Each structure stands twice: as structure tokens, then as C-alpha cells.
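**Student:** Here is my input, please return the structure:
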Amino acid sequence: MSAQMFDTQGNSEIVENRRIQQYLKDGWTFSKPAKVEKPKPTKAKKVPTTINEEPAEATVYQAEATAEVIKPTNKEK
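**Tutor:** Take a look at the predicted model:
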């Protein structure tokens, strides 16, 4: 004979009669726990923002690009 057993987190398992005593010793029960404990999500804490009085300098990067035409256009034919 088999029995359905539950652990403290609400997980269930079908257990054969020979293994029921071991499961009971490990903390399993025959009834589902009334309330399954789930970790509560934590709220993000607000971090105060500070405003710098001097603006940061903008950095502009320029790079040269070269291109090579592989296929001739209609004008070059």
C-alpha cells in the first residue's frame, strides 16, 4: 500500500508502505501543511540622490571611416 506524504515546504511524494516510517522520522506528514512558507519579496530601498553643482564635461570621440566600393553603380557603367 502506498501513501501520499508532504514535507514542510508543501512538496508531496507517493511513498511505499515499507518507507513510511523513515519519511516520518525525516519530518514528512500525511497531511498537507496549512500554510506553505514562501520567502517574502523585499522592497527596494530608496537611495537619496545628490546633485553635483558642476556638470561633467562632455567627451566627443570622432573616428575616421573608409569605404571601398565593390559593386559599380549605374553611373560608372
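**Student:** in a strand, that's where Gln22 is, yeah?
**Tutor:** No - remark: Gln22 does not belong to a strand; assigned using DSSP: H, G, I helix; E, B strand; the rest coil, it is helix.
**Student:** Quick one, grab the pLDDT at it.
**Tutor:** In this prediction, Gln22 carries a pLDDT score of 90.
**Student:** What is the burial count for it?
**Tutor:** When neighbours are defined as other CB atoms under 10 Å, Gln22 has 10 of them. C-beta here means a position set from N, CA and C on the backbone, and glycine is covered the same way.
**Student:** send the alpha carbons of stretch 14-28 over as PDB?
**Tutor:** The C-alpha trace of stretch 14-28 is given here as PDB (Å, rounded to 0.1, in the frame of the first residue of the first chain):
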ATOM      1  CA  ILE A  14       3.900   8.800  -3.100                       C
ATOM      2  CA  VAL A  15       5.700   6.600  -0.500                       C
ATOM      3  CA  GLU A  16       5.600   2.800  -0.300                       C
ATOM      4  CA  ASN A  17       4.500   1.300   2.900                       C
ATOM      5  CA  ARG A  18       8.000   0.000   3.700                       C
ATOM      6  CA  ARG A  19       9.500   3.500   3.700                       C
ATOM      7  CA  ILE A  20       6.700   5.400   5.600                       C
ATOM      8  CA  GLN A  21       8.500   5.200   9.000                       C
ATOM      9  CA  GLN A  22      11.700   6.700   7.600                       C
ATOM     10  CA  TYR A  23       9.800   9.600   6.000                       C
ATOM     11  CA  LEU A  24       8.000  10.200   9.300                       C
ATOM     12  CA  LYS A  25      11.400  10.400  11.100                       C
ATOM     13  CA  ASP A  26      12.600  12.800   8.400                       C
ATOM     14  CA  GLY A  27       9.700  15.200   9.200                       C
ATOM     15  CA  TRP A  28       7.200  14.300   6.500                       C
END
